[in-house]
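Asker: Quick check, what structure comes out for this input:
(one chain, ligands or ions: 2)
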Amino acid sequence: MIWFYQYPNYWFSVLASLVLIIVGFRVYRIRSRESGLIGSYIEGSSRKPLRILLIHPQHRIQRHGTGVYKKYLRYAPVTMPTLAALVPKDRDVQIQVIDEMVETIDFDLEADILGVTSITSTAPRAYEIAKHFKKKGAYTVMGGPHATLLTDEALENVDTVIRGYAETSWPQFIRDFQDQKQKRLYEGNLSPIRDVIVSPDRRFIKRSGYVACDTVEMSRGCSKRCDFCVTHHLHNAFVTKDIKQVINEIRSLPGRIVTFLDPNLIGNVAFAKEFFTELAKLNKYWAGSVSIDVLEHPELLDLMVKSGGRGFLIGFESLDQAALDSANKSFSKVSRYADAIATLHRKGIMVQGSFVFGFDVDTRDTFDQVLDFVVRAKIDLPQFTIYTPFPGTAAYTRLHKEGRILTKDWSRYNGHEVVFQPKNMSPQELFDGVSRVWAEAYSLPSIAKRLTDPPYLLKPITLLSNLNFRAFMRRVHIEEAGHIFRPEA
Ligand code: B12
Ligand code: SF4
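Answerer: Ligands and ions are numbered 1, 2, ... in the order given. Okay, the predicted model is just below:
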């Protein structure tokens, strides 16, 4: 081997290769910039690649530039980066991803296929975007929660709908499209698909736009069946991903703080134990959603803390057990809430607790009861939403039958507006009550009282998050108040 290193041509070839790599890289960068394909990539060598434009539309209040959401409330979505990763690798394609939460849509873009995702509140915006690009000649495809729940409506607005998980149907659609035999509807997968779940293509996440850039999912769906929730209507099974795949994905993330997007990290306790044991080896910190029954699994809870768990988002929803029972959420025991919060605090976990107002048992007194509880129990980051019967859920069917649905303007189904007739108060009283709870829970004296429990090391972050939520609350309930839906009833 030694003779090879002494050979003068060896050093020449090393130098030449280095120069070639540097020049090649620079040309690639310049070409990408000139063609406006920032955050995009070209595969294959065909002269006319298939142009796929993937847009994540946002509701007015979340929209870049005009909305009231600021950077600190932005989590990087993985939906479009996942679809980008699923595009068949043997095709010549050019992909561009736009998340309207962090960038303005360039309506002059040209595309062969436009893909839009949508939840209920963004459906009107998704249709508007699809209409525009269809006029310009794009073939329009829609997927995600709204198209899965209200497929017929979506089909009236786009060329093709892909229901449920798109891991197999989206690549199939692209192949069919290129063979000009695409269908109007692809059923997708509503049940387990563990083996085909890919990691999102993170080149499409514009990191500078988000406060939480390193977003990951270790499972899909939820094992519970709360009646107001959409998750189990979308996907009828709880699916865990391959542990090795997720751990490798997390290991490759540049940041030390990971945000899990899973609806419930403890849907499968045995799997969760195995997963967090592996995660503990990576030296990361993380936050994610967990159902309150995590307290019934002390061994798992300790593993979660050991693996870097520092923030739990918990849906407490109500302080009335009857409300929880009626919503099929009896696993949530109101009598244990205060103890649960104190235990989590002692273990070094910050609690973001979410409450919903507008259950049939709620009265005008409910607002003060919840307010008093969140301050007394010292919930680090309380969050309040208005009961929203999303179309496609049992809650919507019931309220519709009772003639209590006040509007079908889906943009109002955003958790901040009243879209149904509450039982024991007027829509306006419900809205005003929730506004007052936000204002009082985030008054400076309330913040001070809530932040006197451990974990003390996390207090600077908790304080900053509180000030951010305070600003958010003021913007939604004051600046946005003029846009709020006011039914006649
Ligand atoms: C993580 C999450 C969040 C995060 C991050 C959101 C974000 N910007 O990505 C946070 C906490 C910020 C959030 C906020 C909100 N969320 Co959210 N969220 C979720 C959650 C738990 C997971 C979503 C996810 O990323 N999944 C992983 C990706 C890969 O899956 P996916 O998006 O479903 O995509 C797959 C398929 O659906 C399909 N697909 C999706 N789109 C498309 C498009 C095309 C063209 C194709 C072919 C396929 C396709 O392909 C993908 C691969 O299989 C879901 C619950 C759920 N089970 O989906 C709720 C959920 C989507 N959220 C919901 C709600 C209500 C909200 C809020 C309005 C809450 C509030 N009141 O503020 C806000 C709105 C935010 C906004 N407009 O962006 C509801 C939506 C209900 C509805 N019908 O509208 C859900 C379903 C939860 C629930 N309550 O049931 N959310
Ligand atoms: S536990 Fe949470 S995600 Fe699961 S069904 Fe209930 S509300 Fe939905």
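
Asker: Could I get the full set of strands for the stretch 301-450 of the chain?
Answerer: Per DSSP state E, counting those that start in this stretch, the stretch 301-450 of the chain carries strands over the ranges 309-317, 350-357, 381-386.

Asker: among these, which is nearest ligand 1?
Answerer: strand 381-386 (4.9 Å; CB to the nearest ligand atom). (Each C-beta comes from the backbone N, C-alpha and C, glycine too.)

Asker: partners of that closest one in the sheet?
Answerer: strand 350-357 (parallel) (DSSP bridges).

Asker: on that earlier part again, put together CSV for the strands of the stretch 301-450 of the chain, with distance to Ile55 and mean pLDDT on each row.
Answerer: Formatted as CSV, these follow (distance: least, CB to CB, whole Å; pLDDT from 0 to 100):
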stretch, distance to Ile55, mean pLDDT
strand 309-317, 27, 97
strand 350-357, 28, 97
strand 381-386, 26, 96
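
Asker: Rebuild the ones you listed as JSON lines, extending it with distance to ligand 2.
Answerer: Below are these laid out as JSON lines (distance: least, CB to the nearest ligand atom, whole Å):
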{"stretch": "strand 309-317", "distance to ligand 2": "5"}
{"stretch": "strand 350-357", "distance to ligand 2": "9"}
{"stretch": "strand 381-386", "distance to ligand 2": "12"}
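
Asker: Just put those in TSV and tack on mean neighbour count.
Answerer: Below are the strands of the stretch 301-450 of the chain laid out as TSV (neighbours: other CB atoms under 10 Å):
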stretch	mean neighbour count
strand 309-317	23
strand 350-357	22
strand 381-386	22
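
Asker: possible to save these as CSV with distance to Ala471?
Answerer: Compiled in CSV, the strands of the stretch 301-450 of the chain are given as follows (distance: least, CB to CB, whole Å):
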stretch, distance to Ala471
strand 309-317, 19
strand 350-357, 16
strand 381-386, 13
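
Asker: near ligand 1, which residues of the stretch 201-350 of the chain show up?
Answerer: Residues of the stretch 201-350 of the chain lying close to ligand 1 by CB under 6 Å from any ligand atom are Glu217, Cys229, Val230, Thr231, Leu234, Leu261, Pro263.

Asker: For these, point out the one with the lowest pLDDT.
Answerer: Note: of those, the lowest pLDDT belongs to Leu234, at 84.

Asker: Near that one, how many other residues are there?
Answerer: 22 (other CB atoms under 10 Å).

Asker: Do I have it right that it meets Thr148?
Answerer: Yes. In this structure, Leu234 is within contact of Thr148 by CB atoms under 8 Å, at 5.3 Å.

Asker: what do the two both touch?
Answerer: The contact sets of Leu234 and Thr148 overlap at Gly164 (CB atoms under 8 Å, 6 or more residues apart in numbering).

Asker: Could you break the protein into its assigned domains?
Answerer: Per automatic domain parsing, the structural domains of the chain span 37-186, 205-483.

Asker: Among the residues of the stretch 201-350 of the chain next to ligand 1, which ones are in helices?
Answerer: Thr231, Leu234 (DSSP state H).

Asker: Could you provide the residues of the stretch 201-350 of the chain next to ligand 1 in CSV, with additional columns for distance to Val370?
Answerer: Formatted as CSV, those follow (distance: CB to CB, whole Å):
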residue, distance to Val370
Glu217, 30
Cys229, 19
Val230, 23
Thr231, 24
Leu234, 28
Leu261, 27
Pro263, 23
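
Asker: Just the buried residues of the residues of the stretch 201-350 of the chain next to ligand 1.
Answerer: Glu217, Cys229, Val230, Thr231, Leu234, Leu261, Pro263 (16 or more other CB atoms under 10 Å).

Asker: out of those residues, who's nearest Leu371?
Answerer: Of all these, Cys229 has the smallest distance to Leu371: 24.2 Å, by CB to CB.

Asker: Now do the contacts for the closest one.
Answerer: Cys222, Thr393.

Asker: Please tell me how far Arg256 sits from Ala126.
Answerer: 35 Å (CB to CB, to the nearest Å).

Asker: let me redo that: Ser307
Answerer: 37 Å.

Asker: Looking only at neighbour counts, state which of those two leads.
Answerer: The residue with more neighbours, out of Ser307 and Ala126, is Ala126; 26 against 20, by other CB under 10 Å.

Asker: what's that one in contact with, if anything?
Answerer: Ile55, Pro57, Val116, Thr117, Ser118, Met142, His146, Asn157.

Asker: Now it: which helix or strand?
Answerer: Assessed by DSSP states H and E, Ala126 sits inside helix 123-135.

Asker: So that helix, near ligand 1 or not?
Answerer: No. Under the criterion of CB under 6 Å from any ligand atom, ligand 1 is not reached by helix 123-135; the shortest gap measures 8.2 Å.

Asker: Can you give the distance from that helix to the centre of its chain?
Answerer: 21 Å (CA atoms, centre = their mean, to the nearest Å).

Asker: before we move on, what about stretch 313-325?
Answerer: Worked out by CA atoms, centre = their mean, stretch 313-325 lies 22 Å from the chain centre.

Asker: Show me what residue of the stretch 1-150 of the chain gets nearest to ligand 1.
Answerer: For the stretch 1-150 of the chain, CB to the nearest ligand atom, closest residue to ligand 1: Gly143, 2.4 Å.

Asker: in the sheet, who's paired with that residue?
Answerer: Thr117, Ile162.

Asker: First-to-last residue distance for stretch 378-398?
Answerer: 35 Å (CA to CA, to the nearest Å).

Asker: Hmm, I typed the wrong one, I wanted stretch 381-390.
Answerer: 25 Å.

Asker: is ligand 1 contacted by it?
Answerer: Yes. Interface with ligand 1: stretch 381-390 contributes Thr385, Phe390 (CB under 6 Å from any ligand atom).

Asker: Begin at 813 from now on, thanks
Answerer: New numbering, starting at 813: the last item is stretch 1193-1202.

Asker: Next one: Leu1242 from ligand 2, what distance?
Answerer: Going from Leu1242 to ligand 2 by CB to the nearest ligand atom, to the nearest Å gives 20 Å.

Asker: Mind pulling up the pLDDT for that residue?
Answerer: Leu1242 is assigned a pLDDT of 95 by the prediction.

Asker: How are the helices of the stretch 863-1012 of the chain distributed by residue range?
Answerer: 891-898, 935-947, 957-961, 963-969, 981-990 (DSSP state H, counting those that start in this stretch).

Asker: I would like the residues contacting the first one, please.
Answerer: Helix 891-898 is touched from outside by 866-868, 907, 909, 911, 927, 929, 955-956, 978-979, 982-983, 1010-1017, with contacts defined as CB under 8 Å, 6+ apart.

Asker: Go again with 7 Å.
Answerer: Contact partners of helix 891-898, identified using CB atoms under 7 Å, 6 or more residues apart in numbering, comprise 866, 868, 907, 909, 911, 927, 929, 956, 978-979, 982-983, 1010-1014, 1016-1017.

Asker: what do you get for the fourth one?
Answerer: Applying CB under 7 Å, 6+ apart, the set of residues contacting helix 963-969 from outside is Tyr939, Ala942, Met954, His958, Ala959, Val973, Arg975, Arg996, Leu997.

Asker: Any idea how far it is from the middle of the chain?
Answerer: With CA atoms, centre = their mean, you get 23 Å for helix 963-969.

Asker: Output stretch 1116-1126 as CSV, nothing but the C-alphas.
Answerer: Taking C-alpha atoms only, stretch 1116-1126 is exported to CSV below (Å, rounded to 0.1, in the frame of the first residue of the first chain):
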residue,chain,number,x,y,z
MET,A,1116,-40.1,9.0,30.3
VAL,A,1117,-38.3,11.3,32.7
LYS,A,1118,-35.0,9.5,32.4
SER,A,1119,-35.2,9.7,28.6
GLY,A,1120,-35.5,13.5,28.8
GLY,A,1121,-39.3,14.1,29.1
ARG,A,1122,-39.7,17.6,30.5
GLY,A,1123,-43.1,18.8,29.1
PHE,A,1124,-46.4,17.0,29.0
LEU,A,1125,-49.4,18.3,27.1
ILE,A,1126,-52.5,16.8,28.9
